[in-house]
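S.K.: I would like the atomic coordinates for the input below:
(4 chains)
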Number of protein chains: 2
Amino acid sequence: MVQKAAAKRGRPRAYDPDTALGRAMAVFWDAGYAGTSLDDISARTGMNRPSLYGAFGDKHALYRHTLERYRAIGRAAMSEALAYDKPLREALNRVYDKALSLYFSGDSGARGCFLIGTALTESVLDPDVRTTLADALHEIDDAFEARIRFARLHGELPHNANPAALAKIASAILHTFAIRSRAGESRKALEATIRPALDLICGSSKPSSRASRRTGG
Amino acid sequence: MVQKAAAKRGRPRAYDPDTALGRAMAVFWDAGYAGTSLDDISARTGMNRPSLYGAFGDKHALYRHTLERYRAIGRAAMSEALAYDKPLREALNRVYDKALSLYFSGDSGARGCFLIGTALTESVLDPDVRTTLADALHEIDDAFEARIRFARLHGELPHNANPAALAKIASAILHTFAIRSRAGESRKALEATIRPALDLICGSSKPSSRASRRTGG
DNA sequence: TGATTTTTGTACCATATCGTAGGAAAATCG
DNA sequence: CGATTTTCCTACGATATGGTACAAAAATCA
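M.R.: I've put the predicted structure just below:
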């Protein structure tokens, strides 16, 4: 099904489309959609503009390709990190850790979340991008919510816990990381807020004198 | 001190600098820094490019002026909303309400936070903008932290509450609102998460069977 | 080998963009 | 009123930008 379609007819491509798309994404990631020229992308991918157009369409279409690619990366990382076979606290911790690794990747320093760092700006005047962004945000909300609901079902959270609301909080932590990393805060500084955030969402890990208020203790 | 400097020498200005700056900000707010041309701003302000240059400098300087203007607006709104004479819960509620009013203002629909919606994108390649953004974020963190510390001091929060950490959570709620509003979510949807967020930060408002875990109850 | 197919890469075009020069316009001052 | 000052505004210029035309290149197929 996904075989290489071995030996096509004409002149072979001088580039790997997937690699090129990844590099194009990197350029957008740094400079944003409007701040990136096709010449910039051409330079970083090695493909010239006509080839870019042939492979991915015009600038806007190319950008949408990178958005989808990023969503796929995020989706994979999220579903892997949200380990259903481990405690909620650990699962969330893994999500944040993976997210930070992504946000702090890049040659020109931390770039934060690709969607929030680039698509958010375009969202007011570009309904297409806005919808994609909104979908991506909701997808994360839903993943968190399902995971939290699962935890509650298994007694990790009190019965009256509100998975939908807690999921929004969990997402908010992700959002603040996306912003702050791109704004130049250190990874260490962000990591310091994971623990208190998890305490609020999952209940205190280290029961103090006030006692743990959750089942899991 | 701040008088009109009555009757200057030459031809009078055909525009009010402050009004013009506000309109310039509105243009940047919609399209982002890179996505805005000086002609766009010229059209919305009524000032032509040479006048814009004379009044505010080049495009980048103009943008920095709008950033500072926005910071001033946000600072004023924040310090007014953080009512020290009312309960913490009410103060935070007012902050979120004011923020949402700002984020949902605008003719072309919701625009979110000006800084997060426009400066965030530029932050990777523009250290100047990045620093301004980081400063603004920290200013909000600090305001939250001071307010929360004050609340703890007055018995609204348990002694072992962590004002710095709670402030980061409070900021995170603001950040998620900034993102989601620009991404097209409804104000109602966002307002729905205020309550649960305040419950986590300040303690449950409606003591359920699990009992209120805070002094204030 | 020659026809066919597909991609590459240079060159080109129309437009957008930012900044600025330089004269006209509109006020005050003497 | 004329000189001076300040701002306005048209016009210009250099560069950037997105997209495309078209010939050369590199593969397969018969």
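S.K.: can you tell me the closest non-neighbouring residue to the residue most central in space within chain A?
M.R.: By CA atoms, centre = their mean, chain A has its centre lying nearest to A:Gly74, at 4.3 Å. For A:Gly74, ignoring the flanking residues on the chain, the nearest one in space by CB to CB, 6 or more residues apart in numbering or on different chains is A:Ala136 at 7.2 Å. Yep, even glycine has a C-beta here, placed from its N, CA and C like the rest.
S.K.: may I ask which helix or strand encompasses the one you found?
M.R.: Assigned by DSSP states H and E, A:Ala136 belongs to helix A:127-153.
S.K.: what's that helix packed up against?
M.R.: The elements that helix A:127-153 packs onto, with contact taken as 3 or more CB pairs under 8 Å, 6 or more residues apart in numbering or on different chains; DSSP states H and E, are helix A:59-81, helix A:88-103, helix A:120-122, helix A:163-182.
S.K.: please identify the buried residues of that helix?
M.R.: A:129-130, A:132-134, A:136-137, A:140-141, A:143-145, A:147-152 (16 or more other CB atoms under 10 Å in any protein chain shown).
S.K.: so what's A:Ile201 closest to, chain neighbours aside?
M.R.: Per CB to CB, 6+ apart, closest to A:Ile201 is A:Leu166, 5.5 Å.
S.K.: check contacts around the one you found.
M.R.: A:Phe144, A:Glu145, A:Ile148, A:Leu157, A:Ile201, B:Pro196 (CB atoms under 8 Å, 6 or more residues apart in numbering or on different chains).
S.K.: now distance to A:Phe28 too, for the residues you listed, in a markdown table please.
M.R.: A markdown table is the format used below for the contacts of A:Leu166 (distance: CB to CB, whole Å):
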| residue | distance to A:Phe28 |
| --- | --- |
| A:Phe144 | 26 |
| A:Glu145 | 30 |
| A:Ile148 | 32 |
| A:Leu157 | 39 |
| A:Ile201 | 32 |
| B:Pro196 | 35 |
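S.K.: looking at these, which is nearest DNA strand C?
M.R.: Closest to DNA strand C out of those is A:Phe144 (39.0 Å), distances taken as CB to the nearest atom of the strand.
S.K.: and the closest residue to the closest one other than its chain neighbours, how many residues sit next to it?
M.R.: Closest residue to A:Phe144 apart from its sequence neighbours, by CB to CB, 6+ apart: A:Ala167 at 3.7 Å. By the criterion of other CB atoms under 10 Å in any protein chain shown, A:Ala167 has 22 neighbours.
S.K.: got it, and A:Glu185?
M.R.: So A:Glu185, with other CB under 10 Å, has 18 neighbours.
S.K.: how far away is it from chain B?
M.R.: Distance from A:Glu185 to chain B, counting by CB to the nearest CB, to the nearest Å: 7 Å.
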